[in-house]
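Asker: sequence and predicted structure, then a few things I'm wondering about:
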Amino acid sequence: MRNRYFYICLVCVVVYLFLLQPLLPVKHVGDAHAAQLELFQALMAEDIFSNAPRNPTTAFSVKQKKAVCFTSFNQVPQKLIIYHNWYHRDVPSAKIRLTLKPPRWSTYSSIELNKTDIGPWRVEITDETGNVLEVLRFSVTE
Amino acid sequence: MENFLLFISTIRWQDVVDICVNSYILFRFYVLFRGTNVFRVLIGMTVLWFLQRIAVSLGLIVTSWVVQGIVAVGAIIIIVVFRNEIRRVLQAKNFKSILWGLSYKTVTTPTEIITETVFQMADRKCGALIVFPGKEDLSGVVQGGTPWKGLITKEMIASIFWPDNPVHDGAAIVQGDQITFVSAILPLSEREDLPSHYGTRHRAALGLAEASDALVIVVSEERGDVLVAKGNRLREIKLKKTLENNLQEHLGTAAVEKSAARKEGLEIATAAMLSILFITGIWFSVSRGQDTLVSLDIPVDYINRTAGTEIVDTSVKTVSLVLSGSGALVKSVTPDQVGVRLDLNKTSVGRNTFTITSDNISLPPGIVLREVTPSEVDVLIDETRKKEFPVQIDWVGRLAANLILVDAVTDPPTVTIAGSKRILEEIATIYTEKVLLDELSGKGELTANLVLSPASLKIASGSKDKVTIQYLIRERE
């Protein structure tokens, strides 16, 4: 008998929660990430050495062969996705998907440089929903 | 008949004024210079010009060159050789008489006084030689002479030819109501059929009359005769009235007889009519000839753009116009005389299609539009907006191998741009002009202009068209 009441109460609570769910304040996943995800450092560098950026710069010679966008996050609440969107003269060139893991995470993306890449570039760092967290600008020169 | 009416309807009021003004100029030219050598030479030049045109049309290359050269040189020769005659015609008139009026003899010679004095001197057997110039200039024929410029009176004439007067031995020249020169030396006639009692004074009178259109009065010192030389004739005058009539006829002061007046009126009317016909003929050949075609590429001007809108794109920048007209007019047409304008006053945002008609095209007078290619133009209109953009440095060149550009910032970091809404949506960054890295090191500051592309973009008021760049360069690790 006690078990029957218990199950009836349990079903009522479940039904109640199901019916009231649309009326409860919605907390979007992205917002939660944006609210808590904290970008600590973002810079362009020639290379990564021992998990740290080496030779930060805003002008890359094609002779360096590589440009690296390094990002470091202080607070990562949960496993998240961010994007490094590379643009050459405002034209999208690459969109690189990167995974962040709690509690702190550093990650980077890079492109190989050749002569056709000479000119001004920018990298937009966005979260999964497209919110721009930072914009880095640099040039590729001879 | 229909064609004629159609033709009449194409004549503008400017064309009528054009013909009238030039006909009148030609007519005045005739009135001012008729009877002079200048006019005769001008007639000759005109004939030569026609010959040259005929030679060109027949393809006679050398002949046309030669005649063209003669006409060109002739124009200079007229001015140089006939400068005195031209000056005399122009100086003898005020501005009003150059533009209006048919006779330029404003100062009359007192023929009665002269006649009376001449016969008194003949009675006293006092020799005299008096010259009355016609329309020709005598400066090349008469030599020497003492300027006199005295008003004509009996006493004046008598005193000049008084035997004891130092200037009596020569000719007195009468112009208007003045004796302008005395003691002038005239050319002697070389005729051998003259009577033996004619002396040097007679030969001088006839010599000048033969060489010019002047009338010369001779008073014989020995016989007391009065003679008049004109053209090739030297005839004796017995009566004062005859002499006076001769003088008046020569000087144009005689009472104009009806027939003479009618004749002169007919001459003037004929000249006026010929002037109109001549100029009308030239006008037709120049402005109505449609024998020559020319093709010009003309840029399209878009005018009266509505405030707050901008031309984003047009299907063409230039249109090709095929124009026709007379050879002379078509050859003189330059692209800057032709305009193609499209009025954007009634356009709306979006794509607008215009058909180019003759109303959109301005042409020099006498030129006719035959064809427009393309005849339709698409114009894309968009609203004008302002938007703020980040500024990015466009580095070029290369730093030294051991150096690295650590940081570079611009001041201001952003700039506000005004332009078409659609274009502003397509761009994300405003770049500086190319900034050279090669010479840079350490820390420093540069100034760079902003590059706006497309050119229709403008920097909004309040924003600068230059940025200051602060850079930091260090040695590579």
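Answerer: Done, it's in.
Asker: so for chain A, the centremost residue is which one?
Answerer: residue A:82 (2.0 Å; Cα atoms, centre = their mean).
Asker: quick one: that residue and residue A:100 touch, right?
Answerer: Yes: with contact defined as Cβ atoms under 8 Å, residue A:82 reaches residue A:100; the gap is 6.0 Å. Placement of C-beta: from N, CA and C, glycine included.
Asker: so what sits against both of these two?
Answerer: Common contacts of residue A:82 and residue A:100, defined by Cβ atoms under 8 Å, 6 or more residues apart in numbering or on different chains, comprise residue A:107.
Asker: all the helices of chain B, residue numbers only.
Answerer: B:2-10, B:13-33, B:37-58, B:61-81, B:83-91, B:95-99, B:111-123, B:154-160, B:200-211, B:240-251, B:258-283, B:327-332, B:421-426 (DSSP state H).
Asker: just the C-alpha atoms of the third one, please, in CSV.
Answerer: Only the C-alpha atoms of helix B:37-58 are listed here, as CSV (Å, rounded to 0.1, in the frame of the first residue of the first chain):
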residue,chain,number,x,y,z
ASN,B,37,41.5,97.6,-103.9
VAL,B,38,41.1,95.6,-100.7
PHE,B,39,37.7,94.5,-101.8
ARG,B,40,38.9,93.5,-105.2
VAL,B,41,41.7,91.4,-103.7
LEU,B,42,39.3,89.9,-101.3
ILE,B,43,37.0,88.8,-104.1
GLY,B,44,40.0,87.2,-105.8
MET,B,45,40.9,85.4,-102.5
THR,B,46,37.3,84.1,-102.2
VAL,B,47,37.5,82.8,-105.8
LEU,B,48,40.8,81.1,-105.0
TRP,B,49,39.3,79.5,-101.9
PHE,B,50,36.4,78.1,-104.0
LEU,B,51,39.0,76.8,-106.4
GLN,B,52,40.8,75.1,-103.6
ARG,B,53,37.7,73.4,-102.4
ILE,B,54,36.9,72.2,-105.9
ALA,B,55,40.5,71.0,-106.2
VAL,B,56,40.1,69.1,-103.0
SER,B,57,36.8,67.5,-104.0
LEU,B,58,38.4,66.4,-107.3
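Asker: buried set for it?
Answerer: B:37-39, B:41-42, B:45, B:48, B:51-52, B:55 (16 or more other Cβ atoms under 10 Å in any protein chain shown).
Asker: isn't residue B:28 right next to residue B:90, touching?
Answerer: No: contact between residue B:28 and residue B:90 fails when scored by Cβ under 8 Å: they sit 11.9 Å apart.
Asker: can you list the weak-confidence ranges in chain B?
Answerer: Scanning chain B for pLDDT under 70 picks out B:1, B:3, B:6-7, B:10, B:89, B:91-96, B:101-109, B:253-260, B:287-291.
Asker: 50 instead?
Answerer: Where chain B drops to pLDDT under 50, the residues are B:104-106, B:256.
Asker: how's it carved up into domains?
Answerer: Domains of chain B are assigned by automatic domain parsing as B:12-104+B:258-287, B:110-251, B:291-382, B:384-475.
Asker: pick the most deeply packed of those.
Answerer: domain B:110-251 (a mean of 18; mean count of other Cβ atoms under 10 Å in any protein chain shown).
Asker: quick one: distance of it to the chain centre.
Answerer: 43 Å (Cα atoms, centre = their mean, to the nearest Å).
Asker: before we move on, back to that, would JSON lines of the helices of chain B with distance to chain A be doable?
Answerer: What follows is the helices of chain B, written out as JSON lines (distance: least, Cβ to the nearest Cβ, whole Å):
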{"stretch": "helix B:2-10", "distance to chain A": "56"}
{"stretch": "helix B:13-33", "distance to chain A": "56"}
{"stretch": "helix B:37-58", "distance to chain A": "61"}
{"stretch": "helix B:61-81", "distance to chain A": "61"}
{"stretch": "helix B:83-91", "distance to chain A": "74"}
{"stretch": "helix B:95-99", "distance to chain A": "71"}
{"stretch": "helix B:111-123", "distance to chain A": "99"}
{"stretch": "helix B:154-160", "distance to chain A": "101"}
{"stretch": "helix B:200-211", "distance to chain A": "91"}
{"stretch": "helix B:240-251", "distance to chain A": "93"}
{"stretch": "helix B:258-283", "distance to chain A": "61"}
{"stretch": "helix B:327-332", "distance to chain A": "48"}
{"stretch": "helix B:421-426", "distance to chain A": "8"}
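Asker: ok, which of those comes nearest residue A:7?
Answerer: helix B:421-426 (59.7 Å; Cβ to Cβ).
Asker: run through the residues that contact residue B:45.
Answerer: Counting by Cβ under 8 Å, 6+ apart, residue B:45 has contacts B:71, B:74-75, B:78.
Asker: turn those residues into JSON lines, columns for distance to residue A:106.
Answerer: Listed next are these as JSON lines, based on distance: Cβ to Cβ, whole Å:
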{"residue": "B:71", "distance to residue A:106": "94"}
{"residue": "B:74", "distance to residue A:106": "97"}
{"residue": "B:75", "distance to residue A:106": "93"}
{"residue": "B:78", "distance to residue A:106": "98"}
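Asker: what's the longest strand in the chain?
Answerer: No chain was given, so I picked chain A. Across chain A, the longest stretch assigned as strand under DSSP state E is strand A:38-49.
Asker: to clarify, I was referring to chain B.
Answerer: Longest strand in chain B, counting by DSSP E: strand B:376-396.
Asker: which neighbours in the sheet does it have, and how are they oriented?
Answerer: strand B:309-314 (antiparallel), strand B:350-355 (antiparallel), strand B:414-420 (antiparallel), strand B:430-436 (parallel) (DSSP bridges).
Asker: tell me how far the residue nearest to the centre of chain A lies from chain B.
Answerer: Look at residue A:82 and chain B: by Cβ to the nearest Cβ, to the nearest Å, they are 20 Å apart.
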